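Q: 3D model of this:
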Amino acid sequence: MLPLLKWIFFMKDIHNLVDSHDGIGLAEFVKKGEIKSEELLECCIERAEKVNPEINAIAETLYDSARKATPHEGLFSGVPTFVKDLFAPVAEARMTNGSHALGEARPGMDDNLVSRLRKTGCTFIGTSTSPEFGASYTTESTRFGPTRNPWNTKHSSGGSSGGSAALVAARVVPFAHANDGGGSIRVPASCCGLFGMKPTRGRMPSGPLTGEGWGGFGTAHAISLSVRDSAALMDLTAGMDLGAPYASPSQSMSFLDATKTPVRPLRIALVESMDPWPSSPESLAAVRHAAKLCESLGHAVTQAELPVDLYQFFDQCFDIIGTNTRNYVELLGQMRGKDVSLDELQVHTRIMLREKGNIGAVQYVRAIESMHALGRRFANLMTEYDVILTPTLAKPPVLIGTLDVIDENKYADDLIQHYHSYSPYTCLFNATGQPAMSVPLYWTEQGLPIGAHFSGRFGDEETLFSLAAQLELAQPWFSNRPKVNACS
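A: Below you'll find the model as predicted:
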């Protein structure tokens, strides 16, 4: 009985460490020999099993392969994490992309970012849920069911990296892999009270199977509890891979060093709301709180307008997304030797294929060229400002089912209104390629988080990481815990 009691108390001590430390901190305990990587692994598995019945954030558990694996030597050696189940092959996992259409497909390989993440020393204990093909701001696939927000399980954890965000927010792991083609890192980070950085276009590897996602909109990184974990992960995983179609500017220092470097006074353009989708009172309160905090830290905040017609912008975004979806669905049919039937796809995917999946080549080229023109207009704006500040979302986290599309008779215009009245800002910076982050600085009276969204110049993650670290120090969020959490 005595050895069992000792084990129980010892595991409780490890849980206490996970409760109070980020990934860098936990890896340091492993490195010093104060805990074993195997013990940390079992602790995080226990935490996952504790909360997942309530949040439904795991697509596949990889516990057995994790127990057999020997972590690479690296900054995060022994730290468990999850990889998002969306266009991110993991050698030991299936890849469903949140869709019935992929069945039990197992690519049997790592993509380049996953490989680099593995070499940081992380141990993969599972894959996290996503909506079908990542095309929603909530995570509610018919394959896995809705992923719920740990702050209030009646609400969504966001999308499309909702599984990763829910697991990090519930304190299962300190960070998790995520990707972002229109806000899919930043929206779930906002919904779950976490830090989420979308890197500059070309900063992260996308191969070997993918050249670009959604016409250059897509990129990948992580959602994390701490700013420094995000910065260190980017240091270790960023950089062009062989044959990459894009390159990003080199940085003057490591991203982790940027979090330790005092940020100079910044010129911040404040955009509180945009037509035709005004910000809710809660989102206005969130962005104004962030603006006041920035001013108190010595930054100059000025009201500004963004040079874009939002409705026209999203119509052309859908041209790009619909065409890419058509291409992927047809390729999937070829790979499996059987065409994908509409019955295998969710309603929003069917609408996108019908409305935007068959546009002409000229219309597609015009959409791409309009995004390039937008990038130049925003680059010109960034000669006047260092950072753009908006709400991450125009509304607090929505109730489960709010963004689920069930009426196949809807049109593309209906989908634009449906999705982008909720998230009118984030996709702009996928189109321009600029780095952007959601920072958790505000909670509503109902206890739901709303992030502040900051975007910097193309290639300038350093300034954003420096600012984020300053905000984190001024208003710490690490100890804020949702109702559903794995803490001891």
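
Q: all strands for the stretch 101-250 of the chain, in order.
A: 123-128, 140-141, 145-146, 148-149, 152-156, 175-180, 195-198, 219-224 (DSSP state E, counting those that start in this stretch).

Q: can you check the stretch 251-400 of the chain too?
A: Ranges of strands in the stretch 251-400 of the chain, per DSSP E, counting those that start in this stretch, are 267-270, 300-303, 387-391.

Q: mean pLDDT and mean neighbour count for those - can I get that in JSON lines?
A: For glycine as for every other residue, the C-beta is placed from the backbone atoms N, C-alpha and C. Conversion of those to JSON lines gives the following (pLDDT from 0 to 100; neighbours: other C-beta atoms under 10 Å):
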{"stretch": "strand 267-270", "mean pLDDT": "99", "mean neighbour count": "19"}
{"stretch": "strand 300-303", "mean pLDDT": "99", "mean neighbour count": "14"}
{"stretch": "strand 387-391", "mean pLDDT": "99", "mean neighbour count": "27"}
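
Q: want to try a markdown table for those strands, with distance to G74 as columns?
A: Below are the strands of the stretch 251-400 of the chain laid out as a markdown table (distance: least, C-beta to C-beta, whole Å):
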| stretch | distance to G74 |
| --- | --- |
| strand 267-270 | 35 |
| strand 300-303 | 39 |
| strand 387-391 | 31 |
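
Q: ok now do L113, which residues does it touch?
A: Going by C-beta atoms under 8 Å, 6 or more residues apart in numbering, L113 touches A88, H177, M204, P205, S206, A220, T237.

Q: could I get the pLDDT score of it?
A: What the model reports for L113 is a pLDDT of 98.

Q: now do the one 4 residues further on
A: Here, the pLDDT recorded for L117 equals 99.

Q: ok, the one 3 residues further on next?
A: Note for T120: predicted pLDDT of 99.

Q: for S488, same thing?
A: On the pLDDT scale, S488 is placed at 73.

Q: for M1, same thing?
A: 43.

Q: ok, the one 3 residues further on next?
A: Predicted confidence (pLDDT) for L4: 48.

Q: most centrally placed residue in the protein?
A: I185 (1.7 Å; C-alpha atoms, centre = their mean).

Q: what number of residues lie near T120?
A: T120 has 22 neighbours, counted by other C-beta atoms under 10 Å.

Q: who are the contact partners of it?
A: Taking C-beta under 8 Å, 6+ apart, one finds H72, G74, L75, F76, S77, L233, L236, T237 in contact with T120.

Q: and the spatially closest residue to D229 that is not a sequence neighbour, how many neighbours does it have?
A: Closest residue to D229 apart from its sequence neighbours, by C-beta to C-beta, 6 or more residues apart in numbering: G23 at 4.5 Å. Other residues within reach of G23, judged by other C-beta under 10 Å, total 28.

Q: ok, G23 to T302 distance?
A: With the distance defined as C-beta to C-beta, to the nearest Å, G23 ends up 36 Å from T302.

Q: hmm, which helix or strand of this structure has the shakiest average pLDDT?
A: Of all the helices and strands that make up the chain, the one with the lowest confidence by mean pLDDT, DSSP states H and E is helix 2-20; it has a mean of 70.

Q: after that helix, which helix or strand is next?
A: Note on helix 2-20: by DSSP states H and E, the next helix or strand toward the C-terminus is helix 23-31.

Q: summarise which helices and strands that following helix is packed against.
A: On a contact count with 3 or more C-beta pairs under 8 Å, 6 or more residues apart in numbering; DSSP states H and E, helix 23-31 meets helix 2-20, helix 37-55, helix 227-237.

Q: which of these sits most buried?
A: Greatest average neighbour count among these goes to helix 227-237 (a mean of 25), per mean count of other C-beta atoms under 10 Å.

Q: would you mind writing the CA trace of that one as PDB?
A: C-alpha atoms of helix 227-237 as PDB (Å, rounded to 0.1, in the frame of the first residue of the first chain):
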ATOM      1  CA  VAL A 227       4.400  33.700 -25.500                       C
ATOM      2  CA  ARG A 228       7.900  32.300 -25.100                       C
ATOM      3  CA  ASP A 229       6.800  28.700 -26.000                       C
ATOM      4  CA  SER A 230       5.400  30.100 -29.300                       C
ATOM      5  CA  ALA A 231       8.500  32.000 -30.000                       C
ATOM      6  CA  ALA A 232      10.900  29.200 -29.200                       C
ATOM      7  CA  LEU A 233       8.800  26.700 -31.300                       C
ATOM      8  CA  MET A 234       9.000  29.100 -34.300                       C
ATOM      9  CA  ASP A 235      12.800  29.400 -33.900                       C
ATOM     10  CA  LEU A 236      13.100  25.700 -34.000                       C
ATOM     11  CA  THR A 237      10.700  24.900 -36.800                       C
END
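
Q: what's that helix packed up against?
A: helix 23-31, helix 112-119, strand 175-180, strand 195-198, strand 219-224, helix 255-260, helix 461-474.

Q: quick one: the last one to chain centroid distance?
A: Taking the mean of its C-alpha atoms, helix 461-474 sits 18 Å from the chain's own mean (C-alpha atoms, centre = their mean, to the nearest Å).

Q: and it, C-alpha only, in PDB?
A: Coordinates of each C-alpha in helix 461-474 appear next as PDB, following Å, rounded to 0.1, in the frame of the first residue of the first chain:
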ATOM      1  CA  GLU A 461       7.200  38.600 -36.100                       C
ATOM      2  CA  GLU A 462       9.900  40.100 -33.900                       C
ATOM      3  CA  THR A 463       8.000  43.200 -33.100                       C
ATOM      4  CA  LEU A 464       4.800  41.200 -32.400                       C
ATOM      5  CA  PHE A 465       6.600  38.800 -30.100                       C
ATOM      6  CA  SER A 466       8.200  41.700 -28.200                       C
ATOM      7  CA  LEU A 467       4.800  43.400 -27.800                       C
ATOM      8  CA  ALA A 468       3.100  40.100 -26.800                       C
ATOM      9  CA  ALA A 469       5.700  39.500 -24.100                       C
ATOM     10  CA  GLN A 470       5.200  43.100 -22.800                       C
ATOM     11  CA  LEU A 471       1.500  42.600 -22.700                       C
ATOM     12  CA  GLU A 472       1.900  39.200 -21.000                       C
ATOM     13  CA  LEU A 473       4.000  40.800 -18.300                       C
ATOM     14  CA  ALA A 474       1.600  43.700 -17.900                       C
END
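
Q: that concludes my questions; thank you for your assistance.
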